[in-house]
Structures are given as C-alpha cells and as structure tokens.
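Chemist: Sharing a sequence plus its predicted fold:
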Amino acid sequence: MSGDDVIMSPDRPVFMKRRGQVLPITEQPVSGDRVAALLTPLLSSSQAQRLEAKKDVDFSYVEKSSGHRFRLNMFLARGGLSAVFHSVHGVVPALEQLTLPNVVPSWCSAKNGLVLIAGPTASGKSTTLAALLDAMNTYTSRHIISIEDPIEVMHRPKMSLVNQREVGTHTRSFAAALRSALREDPDVLMIGEMRDRETIHLALTAAETGHLVFGTINTISSEQAVERIINAFPRAQQEQARSSLADVLRGILCQTLVRGRDGVSRHLACEVLVATEAVATLIRKGKGVTMAALVGAGADAGMQSLENDLLRLIKAGLVDPEDAMAKVKNRRDIEGARDATATTQKIRIS
C-alpha cells in the first residue's frame with residue numbers, strides 16, 4: 001500500500017494519509033519512547049539543535065535501501081516527538097502533463113519579473129515549481145538558483161546550470177540565501193516559500209534588478225496573494241511595496257486539487273492572473289478586491305477564474321460538483337452546473 005504521508009505520533013498507531021484519507025497501518029499504538037528511538041537517529045547534530053531550539057524541523061530524508069526520498073517534518077507535540085514523512089516522487093512531470101493553462105509556460109521565457117505560484121497546503125505548488133524549473137533547465141541556458149525547505153526533487157544540469165540550496169543544511173534561512181544569491185550572478189531564482197517580510201522584500205528587489213523570480217505563497221486566490229505580499233510590510237512601506245509589485249509582477253497561478261469522481265484521482269483546477277496594465281493599476285491603487293472581476297473578464301489575456309476551471313472539470317465529468325463547490329467562495333456558478341448535470345442524469349435514466 002502506497003501513500004502520500006506517513007504520520008508517527010507517540011502512543012498511537014502509525015497512520016498513512018492516502019489521497020486525503022488517514023488510515024492506521026499498524027494495529028497497536030507505538031510508545032513515545034519507541035517513536036523517539038526511531039526518529040532521533042535520523043537527525044544530524046545541526047538538525048537536532050534546530051529541533052531543540054524551535055521545537056520543529058524540516059529536512060529531506062533518503063531511505064537508503066530503496067533510495068526513496070521524503071520531506072520530513074519532525075516536531076514536539078503532546079506526548080513527545082512526532083513526525084510526518086511526505087513521499088517525494090523523484091520524477092519531475094513535464095509541464096504538458098500538468099495540464100496548466102497555456103499562458104503559464106510562457107512565463108518561463110520572461111527575462112525578469114516575479115511569478116507567484118499560490119494555493120493551499122498540499123495543492124501541488126512544489127510540483128508545479130519543479131516542472132517550471134525543469135522546463136527552463138531543458139530548453140534554456142541560464143544560471144538557476146533554487147532555495148528550498150527542504151530539497152524535494154534533485155535537478156541535474158541540462159542546458160542550464162542549477163544550484164539547489166536547502167534551508168538549514170546549506171543556508172540559515174530563505175532571506176540569507178536570497179541575500180547571497182544576489183551576489184552569485186543568477187538569471188533565475190526559485191524560492192520554495194515566501195513566508196516573511198525580509199524574504200518578500202528581497203524577492204521584489206531581485207525582480208527589480210533584472211532577475212526572473214518564481215516563488216510559492218500559501219493563499220487561495222490571486223487577490224489574497226497580492227494582499228499577503230503588501231501586508232507583509234509595515235503600513236508606512238506599503239505604498240512603495242504596491243508600486244514595486246505592480247512593476248515586477250508577471251503573473252499569479254493559484255491552484256487547487258479536486259478529488260476525481262473515481263475517488264482515486266485528483267484533478268488540477270487553476271485561477272490565472274496575468275499582470276496587465278489594468279492589473280498593475282489596481283495593485284498601485286490598493287484595489288485588490290476588484291481584481292476578481294478582471295480575472296473573470298481577462299480570457300483574451302490568458303486569465304481564467306477558478307470557478308470557470310472547476311466548471312470545465314464538472315462538464316467533462318471528471319469531478320463531482322459538490323467537491324468542486326467546496327473549493328470556492330462563490331458557489332452559485334458551480335451550483336448551476338450541478339443542477340444542469342443532475343437534470344441531464346435524470347433524462348438519461350428516464
């Protein structure tokens with residue numbers, strides 16, 4: 001039985017999370033002492049120090065006998081040491097396999113600017129980022145520096161030179177790695193997560209100084225992604241942050257995964273914001289709340305709303321309307337599609 005995550009907690013069975021469902025894979029609970037004995041040897045001395053100081057630590061782990069890679073988060077919880085092993089697939093999917101909107105691959109050919117990959121946890125952002133990096137590595141000759149926490153996929157140099165740095169192993173933080181990267185003559189910077197003001201500020205600076213920057217951010221819409229960037233700064237600096245973001249933004253891909261009708265597969269649904277002049281003006285004026293209307297009306301520029309992409313999946317019979325509705329705030333368009341689907345099914349039955 002294969003799954004996405006293995007979860008170990010003291011005095012509980014070992015659980016596996018597979019396609020959104022959490023199931024026990026051992027009959028008996030594992031004691032806290034036994035969990036600690038299994039997990040502690042996996043830590044290097046520096047990782048043990050980080051766990052002691054911060055009470056949690058992320059790092060990559062390779063199971064030696066199989067060569068399988070995991071993203072491992074170890075943390076202290078009630079009862080003792082716990083861990084989540086997230087399975088990392090070593091094969092990077094081609095962009096074509098991800099069924100991304102056509103405008104997204106074109107961002108790889110930009111000379112500079114900022115591209116944001118947004119979405120909730122476990123929505124495939126890391127996979128998309130890895131596929132974009134692989135495409136540039138395959139078809140362009142550039143110096144690419146990626147900063148990850150931890151490294152999930154190993155990228156071998158093809159046409160490009162790729163340097164991968166892992167937070168905690170090769171650098172202290174995303175911000176420290178970015179400051180260093182600006183002195184290392186990169187063409188492209190990949191930032192595993194834009195999670196704090198200093199990292200966001202340095203990413204904007206890098207984009208303004210002629211670099212192409214890709215970064216992930218945990219938000220559920222393009223509008224939220226813009227607000228997250230701006231609100232990372234003190235109020236006195238937000239006007240300048242809006243101006244900088246408006247100047248450098250190339251686009252935002254906000255993605256989510258929807259369970260398929262078969263209960264096994266998952267399908268990608270996306271919102272796409274392309275940084276047109278109209279979008280830049282809204283960002284400068286702080287009118288992000290009206291951005292959704294531009295996205296919905298921007299098909300000619302390559303934009304698409306999440307609702308419309310979910311409708312595509314529903315009409316294709318790939319996902320259940322109820323599962324699709326759980327992914328959006330505005331349920332009316334999806335409810336209309338559900339009613340239409342139900343009517344069609346009744347006609348077929350009769």
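Modeler: Structure's in. What do you need? Residues are numbered from 1 along each chain as shown.

Chemist: Is residue 83 part of a helix or strand, or is it coil?
Modeler: strand (DSSP: H, G, I helix; E, B strand; the rest coil).

Chemist: before we move on, what about the one 10 residues further on?
Modeler: The three-state label given to residue 93 by three-state DSSP is coil.

Chemist: Equivalent analysis for the one 4 residues further on, please.
Modeler: Remark: residue 97 carries the secondary structure label helix [criterion: three-state DSSP].

Chemist: got the domain boundaries for this protein?
Modeler: The chain is divided into the following domains under automatic domain parsing: 5-88, 95-332.

Chemist: Tell me which of those domains sits most buried.
Modeler: Across the domains of the chain, averaging neighbours per residue (mean count of other C-beta atoms under 10 Å) puts domain 95-332 on top, at a mean of 19. In this view, the C-beta of every residue, glycine as well, is placed from N, C-alpha and C.

Chemist: Where do the helices of the stretch 51-200 of the chain begin and end?
Modeler: Along the stretch 51-200 of the chain, counting by DSSP state H, counting those that start in this stretch, helices occupy 103-106, 125-139, 174-181, 197-208.

Chemist: and the second one, what other elements does it pack with?
Modeler: In this case it means helix 125-139. helix 103-106, strand 113-118, strand 143-148, strand 188-191, strand 212-217, strand 249-259 (3 or more C-beta pairs under 8 Å, 6 or more residues apart in numbering; DSSP states H and E).

Chemist: ok, now with 6 Å
Modeler: strand 113-118 (3 or more C-beta pairs under 6 Å, 6 or more residues apart in numbering; DSSP states H and E).

Chemist: Send me the strand it packs on as CSV with only the CA atoms.
Modeler: Listed next in CSV are the C-alpha coordinates belonging to strand 113-118 (Å, rounded to 0.1, in the frame of the first residue of the first chain):
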residue,chain,number,x,y,z
GLY,A,113,10.0,39.9,-13.0
LEU,A,114,8.1,37.9,-10.4
VAL,A,115,5.8,34.9,-10.8
LEU,A,116,3.8,33.6,-7.9
ILE,A,117,2.6,30.0,-7.5
ALA,A,118,-0.2,30.2,-4.9
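
Chemist: residue contacts, the residue nearest to residue 129 when sequence neighbours are not counted?
Modeler: In space, residue 129 comes closest to residue 117 once its chain neighbours are excluded; the distance is 5.6 Å by C-beta to C-beta, 6 or more residues apart in numbering. Residues near residue 117 by C-beta atoms under 6 Å, 6 or more residues apart in numbering: 125, 128, 129, 216, 253.

Chemist: Sketch out the low-pLDDT regions of the stretch 151-300 of the chain for me.
Modeler: For the stretch 151-300 of the chain, the stretches with pLDDT under 70 are 289.

Chemist: quick revisit: any idea how far the residue nearest to residue 129 lies from residue 124?
Modeler: Distance, residue 117 to residue 124, by C-beta to C-beta, to the nearest Å: 9 Å.
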